[in-house]
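# coordinates for the following, if possible.
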Amino acid sequence: LDIIKNNKLDIWLHVLLIEDIKTISMDSKFELIDLLALGEVLYDKGFIEILRLTSVHKKLIIDLLQKYVVAYVLAGSQVKGRSIESSDVDVYVVIDDTDVKQHTFEELKAKLISIISENAIKAKLLTGSNKILHPQVYTLTEYWLALSESNPVIITFLRDGIALYDRGMFNAWKQLLLKGILKPSQEASEKYMLASENALKEAKEKLKNTINNLIVEDLAVAMVTAGQAVIMDYGLLPGDPKETPQMLRKLFVEKGLLNEKFVNDLEEVWKMRKDFEHGLVNEYKYEDLVKVFEKAEKFISEMKNLKQIIDRENQKKIIDNYISIYEELKNKFKELFNEDLINYIEKNMSVELNGIKELEDNIIKYKNKQFDLVETEKFKESLLYYVRLLRYLIEDKIEELIIEYKYTIIDKDNNKVYDVYISKSKIYVVKEDGIEIYDYNGNKIGTMNDIKYKEEILKDISKEGVRYLDSNIFAALGKIFKNYAISK
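From the prediction side, this is the model:
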């Protein structure tokens, strides 16, 4: 800045943070990122070199595969701020395979890896970069499957990655993730828990094989997977394996649901894995295996117990929510039908009478905690059935009321058309910007802009709706609209 000022140089200084690059990417302005790579470099700690390398590689891939390139994304340590000079440049390339018919999945994947890896070397030569470009190739099918299963690698890649090219899918998924809409399902949680149990069983069967692999691969992964399963069951995305212990502490240890010892055991075993990978430990003894095996069994058993606690709590929340919806719908039913639900069922749907009475009794039993697990599941199914039945009856009634009580007004002076509802004391005029309410003298007595206005009108006309117009109503409409025509 001092050099620019002192020499009165005509230089425009624009500061960009990594977060700005991410914003540019999310706005799909990939050409701006490419322009950064083309600039004359005065000083660079490696990021512009990475942009140049990936920009050239991206162009080579798009020129070859054209419309089949779904996304080209920079990820790994380079976007997390953890990179060092020798760090690889990790990029993810997603290729659309949905209309490929001439190759098996294995053949297509091998061919794609070969093409994209060869062009990574070519890009390195063209740019003269010293960086090692490490492309990860996914077909759209396997990427979607991994995303639907909340695969931690894919979730991390989606959360942290910077799209350098995107046909509209990657950034859309990323937005859903950032908004908390992408959430793991119970099925995915069950799959992770099952995977952890299977990994534990495999560890027992492989005892005769190498101790190092049992500790580093099977048991460490089994423990992390079990921890991630519990986190997913709690309703959160699992994140990186190294983040799992801290998440378990925050979610469960601090709330008194999990002993700190189990988290410490997980950290210890995962450190053993990392020490072996980094060459800090060359070999583990049989005694180490026995200790880790014991820790893993106890850890996974504790995770299963914790998951059962979460499942029970989740089940309770679901049923509590269904009961709340059912009772709210019952009240709405009474407002629209001017009749109690049980009385209506008895007169009009007698085949449902025993079922609805049993449900009412079961709601009381549930609130008094008199259900076992099997009864609770049946109760939930019954609740769902009658919630759907109530919604059907209410929607049918609303449609009936709208047809019965809606009039159409043509305002000839202003050339506008409005829907009008009339009760014994009020006239509701539905306009684009809200509802205007008039009395029978033609005086405006209120407005409604709330999205629930329809419910208020329906509540009024269900009790005091006017089916036939009289002279008082025509007089009021004349004051409101002057020159008008009305039809049913």
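# quick one: residues contacting Ile323.
363, 366, 383 (C-beta atoms under 8 Å, 6 or more residues apart in numbering). For the C-beta atoms, the positions are set from N, CA and C on the backbone; glycine is no exception.
# what about the last one, which helix or strand?
Per DSSP states H and E, Leu383 falls inside helix 373-405.
# swap in the second one?
Element membership of Tyr366, judged by DSSP H and E, is helix 353-367.
# on that earlier part again, now the helix holding Leu383 against helix 353-367, angle please.
Per axes from the mean of the first three to the mean of the last three C-alpha atoms, to 10 degrees, the angle that helix 373-405 makes with helix 353-367 is 120 degrees.
# tell me which residues in the helix or strand following helix 373-405 are buried?
Once helix 373-405 ends, the next helix or strand along the chain (criterion: DSSP H and E) is strand 406-411. Going by neighbour count (16 or more other C-beta atoms under 10 Å), the buried part of strand 406-411 is 406-407, 409, 411.
# try stretch 344-355
Using 16+ other C-beta under 10 Å as the test for burial, stretch 344-355 gives 344-345, 352.
# for Arg82, what are its contacts?
Contact analysis of Arg82 by C-beta under 8 Å, 6+ apart lists nothing.
# show me the strands in the stretch 151-300 of the chain, by range?
Counting by DSSP state E, counting those that start in this stretch, the stretch 151-300 of the chain forms strands over residues 162-166, given from the N-terminal end onward.
# where along it do the helices fall?
For the stretch 151-300 of the chain, the helices identified by DSSP state H, counting those that start in this stretch occupy 152-160, 170-178, 186-205, 211-213, 220-234, 244-248, 260-277, 286-337, in order along the chain.
# out of these, which one sits most buried?
Per-residue neighbour counts averaged over each of those give the maximum for helix 220-234, namely a mean of 26 (mean count of other C-beta atoms under 10 Å).
# helices or strands up against it?
Contact partners of helix 220-234 among helices and strands, from 3 or more C-beta pairs under 8 Å, 6 or more residues apart in numbering; DSSP states H and E: helix 186-205, helix 244-248, helix 260-277, helix 286-337.
# neighbours around the closest residue to Ile115 other than its chain neighbours, how many?
Among residues not flanking Ile115 along the chain, Leu64 sits closest, at 6.5 Å (C-beta to C-beta, 6 or more residues apart in numbering). The burial metric for Leu64, expressed as a neighbour count using other C-beta atoms under 10 Å, is 12.
# ditto for Tyr143
In terms of burial, Tyr143 registers 25 neighbours under the definition other C-beta under 10 Å.
# shouldn't Tyr92 be within a strand?
Yes - remark: Tyr92 belongs to a strand, assigned using DSSP: H, G, I helix; E, B strand; the rest coil.
# and it, what's its pLDDT?
According to the predicted model, the pLDDT of Tyr92 comes to 94.
# follow-up on the earlier one: in the helix holding Tyr366, what's buried?
Residues of helix 353-367 classed as buried by neighbour count (16+ other C-beta under 10 Å): 356, 359, 362-363, 366.
# which residues make contact with stretch 231-247 from outside it?
Counting by C-beta under 8 Å, 6+ apart, the neighbours of stretch 231-247 from elsewhere in the structure are 150, 152, 155-156, 159, 177, 182-184, 186, 188-189, 192-193, 224, 227-228, 248, 251, 263, 266-267, 270, 307, 310-311, 314.
# check the separation of the first and last residues in it.
Taking C-alpha to C-alpha, to the nearest Å as the measure, stretch 231-247 stretches 8 Å from start to finish.
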